[in-house]
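J.: Mind folding the following:
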Amino acid sequence: MKNIFGVIMCFVPFPVFASELAEIPSLYIAPEIRSDFIAYPKIIDNGYVLIEKYYEAQKFFRPVPPDADFTKENILVFAWGGSGEDKIDYDQDEEGVYHFVLKKGLTKDYVSHIKIFVLKKTDRFLFHRVLE
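T.: Sure thing, here's the model as predicted:
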């Protein structure tokens, strides 16, 4: 049985998984700023905001994360409210494009979520929401 499973897996296409992106803890965004961040127009329109300059980061981060070098990197922030089980996963396809997927949880509670990633300026990405 193990051999059959191994043979089947050889023919099943699979995504090329990303090398781990740097993830910044959400503690850099002060609690009093979080609700403003979720209501930020770019977050409402896109589901994310891409911060490309240091002065843009100063609007939301206290202090600005020292891990981000804005000459080479951008900060990608997802902020939303929903189930406590909501999560964002990502992978990278064959062309090197990162695909971020928001998966909705099933619990009826309401929690504010913030996920922060550091991307190279040359990285491309797409954001997908999984419909319920």
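J.: per-residue confidence at residue 52?
T.: Looking at residue 52, its pLDDT stands at 94.
J.: Please, which helix or strand holds the closest residue to it other than its chain neighbours?
T.: Closest residue to residue 52 apart from its sequence neighbours, by Cβ to Cβ, 6 or more residues apart in numbering: residue 74 at 4.9 Å. All C-beta spots, glycine's among them, are computed from the backbone N, C-alpha and C. Assigning secondary structure by DSSP states H and E places residue 74 in strand 73-82.
J.: do the same with residue 55
T.: helix 54-57.
J.: re the thing from before, thought residue 119 was touching the residue nearest to residue 52, still the case?
T.: Yes: checked against Cβ atoms under 8 Å, the pair residue 74 and residue 119 is within contact range at 5.2 Å.
J.: on that earlier part again, contacts for the helix holding residue 55?
T.: Residues from elsewhere that reach helix 54-57 (Cβ atoms under 8 Å, 6 or more residues apart in numbering): 51, 64, 65, 68, 70, 75.
J.: Compare these and tell me which is most surrounded.
T.: Most neighbours among the contacts of helix 54-57, by other Cβ atoms under 10 Å: residue 75, with 25 neighbours.
J.: what would the contacts of helix 54-57 look like in a markdown table with secondary structure?
T.: Conversion of these to a markdown table gives the following (DSSP: H, G, I helix; E, B strand; the rest coil):
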| residue | secondary structure |
| --- | --- |
| 51 | strand |
| 64 | coil |
| 65 | coil |
| 68 | coil |
| 70 | coil |
| 75 | strand |
